[in-house]
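J.: Build me a model from this:
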Amino acid sequence: HGKFCSPYAMQWVFDTRALAVGTAQEVVKRGGDSWFFITDDYAFGHSLEKDASAVVTRNGGKVLGAVRPPFATPDLSSFILQAQASKAKIIGIAGGPPNNTNEIKTAAEFGVFAGGQQMAALLALITDIHSIGLSAAQGLLLTTSFYWDMDDKTREWSKRYFAKMNRMPTMWQAGVYSSVLAYLNAAQAVGTNDAQAVIRKLKENPIDDALFGPVVVRADGRAIHNMYIFKAKSPNASKSKWDLLEQVGVLAGPEAFRPLDQGGCSLVEPPKSN
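T.: This is a model prediction of the structure:
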């Protein structure tokens with residue numbers, strides 16, 4: 001979407017802005033007003049840091065610095081020590097696997113959490129939390145568009161997924177199911193698989209989705225739905241192997257995703273002047 005929009009493309013589940021807005025905004029609200037970033041040194045990590053930094057400063061917080069380990073760095077000790085020495089209340093993890101999980105584990109080993117600092121993951125999946133274990137991950141804040149235990153519909157679908165895969169689904173698996181089902185329903189409704197006809201149908205009305213709730217596909221192809229802020233539970237609070245997160249906030253879709261008129265999409269008509 002945005003300047004890369006296409007008449008034939010849609011983006012479901014999340015983007016870097018939605019992840020950053022959800023986590024950073026919620027953390028600053030909770031008093032986490034000084035940040036230091038550990039950022040994966042490639043475009044995805046840089047985008048997460050940029051978007052999160054803008055939210056932190058806009059809400060009155062400060063960014064004290066950042067370190068940028070390369071992707072899949074085997075030893076993250078020096079980066080964790082720099083973040084710890086910053087004395088920032090929040091260490092923001094701007095990246096994905098494998099660095100993000102290793103950073104959380106290393107931080108726990110180095111006593112970062114025991115020293116009063118907290119980590120906020122700008123991208124973390126339930127499978128990451130499961131791999132790390134709640135002893136290390138407890139208290140970690142993260143943003144996601146889907147969690148298996150949100151309501152009866154998500155639980156029912158996730159149990160069917162678990163029966164086949166022997167693990168609970170992440171937001172990515174839920175997003176693939178949701179988007180493909182929306183496409184198939186639209187193709188069935190218009191009686192053709194002609195791309196333009198199907199896309200028009202998808203953008204015509206809100207989609208009532210069992211996993212993501214109401215979904216609106218905008219003119220630029222961005223699927224708009226709520227994002228949710230979760231906190232990793234303590235080991236004592238977990239009642240089962242996959243009971244890992246508790247919801248602490250919700251971010252309405254229009255607030256989470258970049259406004260339609262700010263993305264530079266050629267498919268969006270410019271606002272009319274008075």
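
J.: and the lowest-mean-pLDDT helix or strand in the chain, which residues are buried?
T.: With mean pLDDT, DSSP states H and E as the measure, the helix or strand of the chain carrying the lowest mean pLDDT is helix 16-29 (a mean of 89). For helix 16-29, a neighbour-count test (16 or more other C-beta atoms under 10 Å) marks 16-28 as buried. (C-beta placed from N, C-alpha, C; glycine too.)

J.: just checking, what packs against it?
T.: Judged by 3 or more C-beta pairs under 8 Å, 6 or more residues apart in numbering; DSSP states H and E, the packing partners of helix 16-29 are helix 43-58, strand 90-94, strand 118-121, strand 141-144, strand 227-232, strand 245-251, helix 253-256.

J.: relative orientation of it and strand 227-232 in degrees?
T.: Note on geometry: by axes from the mean of the first three to the mean of the last three C-alpha atoms, to 10 degrees, helix 16-29 and strand 227-232 are set 60 degrees apart in direction.

J.: So what touches helix 16-29?
T.: Residues outside helix 16-29 that contact it (C-beta atoms under 8 Å, 6 or more residues apart in numbering): 35, 44, 47-48, 51-52, 54-56, 59-61, 90, 92, 118, 120-123, 141-143, 145, 227-229, 248-249, 251, 255-258.

J.: go with 7 Å
T.: 47-48, 51-52, 55-56, 59, 61, 90, 120, 122-123, 141-143, 227, 229, 248-249, 251, 256-258 (C-beta atoms under 7 Å, 6 or more residues apart in numbering).

J.: ok, then the element right after that helix?
T.: Per DSSP states H and E, the first helix or strand lying C-terminal to helix 16-29 is strand 34-39.

J.: Send me that following strand as PDB with only the CA atoms.
T.: Extracted C-alpha coordinates of strand 34-39, given in PDB (Å, rounded to 0.1, in the frame of the first residue of the first chain):
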ATOM      1  CA  SER A  34      12.600   6.900  27.900                       C
ATOM      2  CA  TRP A  35      13.600   4.500  25.200                       C
ATOM      3  CA  PHE A  36      16.700   2.800  23.800                       C
ATOM      4  CA  PHE A  37      16.400   0.700  20.600                       C
ATOM      5  CA  ILE A  38      18.000  -2.500  19.600                       C
ATOM      6  CA  THR A  39      17.300  -2.400  15.900                       C
END
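
J.: pLDDT averaged over that strand - what is it?
T.: What strand 34-39 shows for mean pLDDT is 98.

J.: Tell me the strands beside it, with direction?
T.: Here strand 34-39 has these sheet partners by DSSP bridges: strand 62-67 (parallel), strand 90-94 (parallel).

J.: Report all helices and strands that the very next helix or strand once past the last one contacts.
T.: Right, strand 90-94. Heading C-terminal from strand 90-94, the first helix or strand you meet, by DSSP H and E, is helix 99-109. Counting contacts by 3 or more C-beta pairs under 7 Å, 6 or more residues apart in numbering; DSSP states H and E, helix 99-109 packs against helix 77-85, strand 90-94, strand 118-121, helix 126-132, helix 134-137.

J.: Report the angle between helix 99-109 and strand 90-94.
T.: Using the same axes, to 10 degrees: helix 99-109 against strand 90-94 is 150 degrees.

J.: Can you give me the buried ones in helix 99-109?
T.: Asn99, Asn100, Thr101, Asn102, Glu103, Ile104, Lys105, Thr106, Ala107, Ala108.

J.: Those: which two are farthest apart?
T.: Within the buried residues of helix 99-109, Asn99 and Ala108 form the most distant pair, 15.0 Å apart (C-beta to C-beta).

J.: I would like the residues contacting the lengthiest helix in the chain, please.
T.: Counting residues, the longest helix found in the chain (DSSP state H) is helix 171-190. The contact list for helix 171-190, computed with C-beta under 7 Å, 6+ apart, reads 10, 12-14, 125, 144-146, 161, 193, 197-198, 201-202, 207, 209, 211-212.

J.: Which among those residues count as buried?
T.: Buried subset of those (neighbour count, 16+ other C-beta under 10 Å): 10, 12-14, 125, 144-146, 161, 198, 201-202, 207, 209, 211-212.
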